[in-house]
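In: One predicted model, sequence on top.
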Amino acid sequence: MTSPPRGLLLDMDGVLYHGDHPLPGAREFLDATARLPRVFVTNNPIRPPAEVAAKLRSLGLGEIPEKAILTSGVAAARWLAARNPGFRFFAVGADGLHRELVRFGVEDAETADFVVVGEGPGLDYETLTHGLRLLLNGARLISTNPDATVDAVREGEHWVLPGGGALVAPFEVGSGQRAITIGKPEPLLYEMALELVGLPAAECIMIGDRPDTDIAGAQRVGMASALVRTGRFAPGHAWPGRLPPPEWDVQDLHELLAQWRRRWPDLF
Ligand SMILES: [Mg+2]
């Protein structure tokens with residue numbers, strides 16, 4: 001990428017913060033890029049945008065408008081609404097996912113046309129049984145995000161929690177259906193984010209901490225990308241051979257901003 005970016009897509013967890021701690025250079029980077037249209041994209045469907053914005057504010061990361069935050073839950077709801085206005089669904093996932101879906105659709109466990117499985121609590125034997133019944137009767141399976149696992153902080157300790165991919169797997173196995181996946185690295189979340197910034201992929205840069213989702217997804221839609229090694233992928237880890245490397249591979253946002261300032265001194 002030789003010309004400067006006109007818009008940015010940013011992952012949040014592992015890029016801007018981890019648990020309740022802002023990551024190095026996050027505030028400085030957000031301030032320096034505030035003139036560009038930006039969309040904050042996350043595979044995590046648990047928190048609605050208002051709560052994400054409140055979290056960013058509480059961490060001292062500034063005022064990010066709710067409409068600039070695209071979660072896989074919001075994207076799933078909008079995607080379904082665009083194709084099936086008033087869609088009927090059965091959701092398995094956290095409260096935030098249910099709340100986002102009912103803004104556009106009707107939650108109806110008996111007549112649902114879609115079984116939407118999202119990351120977070122909600123899966124048990126009964127919900128799996130009910131979801132399978134719907135799927136075997138013709139409902140379509142939708143997955144908010146394909147992550148096998150996700151990182152979390154619980155009482156100050158690092159935990160690995162099941163991701164959306166681990167939670168949708170029993171529905172896929174039981175029904176024989178392959179879920180339609182909304183989140184990264186599938187193109188849908190990127191395409192919706194690009195609509196929000198109003199720019200083509202070639203004029204934007206995606207910034208993320210995971211090669212398998214953030215970077216792989218950007219490459220699939222033809223977008224340049226930057227890996228910050230403040231999340232899942234630590235400094236010193238060798239780049240996975242199956243993926244082309246991203247355009248930038250840096251320790252943190254502080255280093256990324258320094259590199260961009262050298263390259264495009266007029267912009268940042
Ligand atoms: Mg992340």
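Out: Received the coordinates, thanks.
In: use CA for all of it now, contacts and neighbours both
Out: OK.
In: Near the ion, which residues of the chain are found?
Out: When proximity is defined as C-alpha under 5 Å from the ion, the chain approaches the ion at 13, 14.
In: Please pull out the lowest mean pLDDT helix or strand from the chain.
Out: Using mean pLDDT, DSSP states H and E, the weakest-scoring helix or strand in the chain turns out to be strand 149-154, at a mean of 88.
In: That strand - contacts with which helices or strands?
Out: Applying 3 or more C-alpha pairs under 8 Å, 6 or more residues apart in numbering; DSSP states H and E, one finds that strand 149-154 contacts strand 157-162, helix 164-175.
In: Going along the chain, name the helices of the stretch 101-250 of the chain.
Out: 125-136, 164-175, 187-197, 216-220 (DSSP state H, counting those that start in this stretch).
In: Check which residues of stretch 98-111 are buried.
Out: Buried residues in stretch 98-111, counting neighbours by 16 or more other C-alpha atoms under 10 Å, are found at 98, 99, 100, 101, 102, 104, 105, 106, 107, 109.
In: Would you mind splitting the chain into its domains for me?
Out: Listed by automatic domain parsing, the domain ranges of the chain are 7-43+184-263, 84-181.
In: Take the ones you listed and lay them out in a markdown table including distance to residue 72.
Out: Below are the domains of the chain laid out as a markdown table (distance: least, C-alpha to C-alpha, whole Å):
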| stretch | distance to residue 72 |
| --- | --- |
| domain 7-43+184-263 | 5 |
| domain 84-181 | 5 |
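In: quick revisit: show me what the least confident helix or strand of the chain is in contact with.
Out: Strand 149-154 is contacted from outside by 18, 19, 158, 159, 160, 161, 162, 163, 164, 165, 166, 232, using C-alpha atoms under 8 Å, 6 or more residues apart in numbering.
In: among the residues you listed, which ones are buried?
Out: Here, 16+ other C-alpha under 10 Å leaves 18, 19, 162, 163, 164, 165, 166, 232 buried among those.
In: picking that back up, adding distance to residue 74 and pLDDT, write the contacts of strand 149-154 out as CSV.
Out: Shown next, in CSV, are the contacts of strand 149-154 (distance: C-alpha to C-alpha, whole Å; pLDDT from 0 to 100):
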residue, distance to residue 74, pLDDT
18, 22, 91
19, 22, 86
158, 27, 88
159, 25, 92
160, 24, 93
161, 21, 94
162, 20, 96
163, 17, 95
164, 15, 96
165, 18, 97
166, 20, 98
232, 24, 85
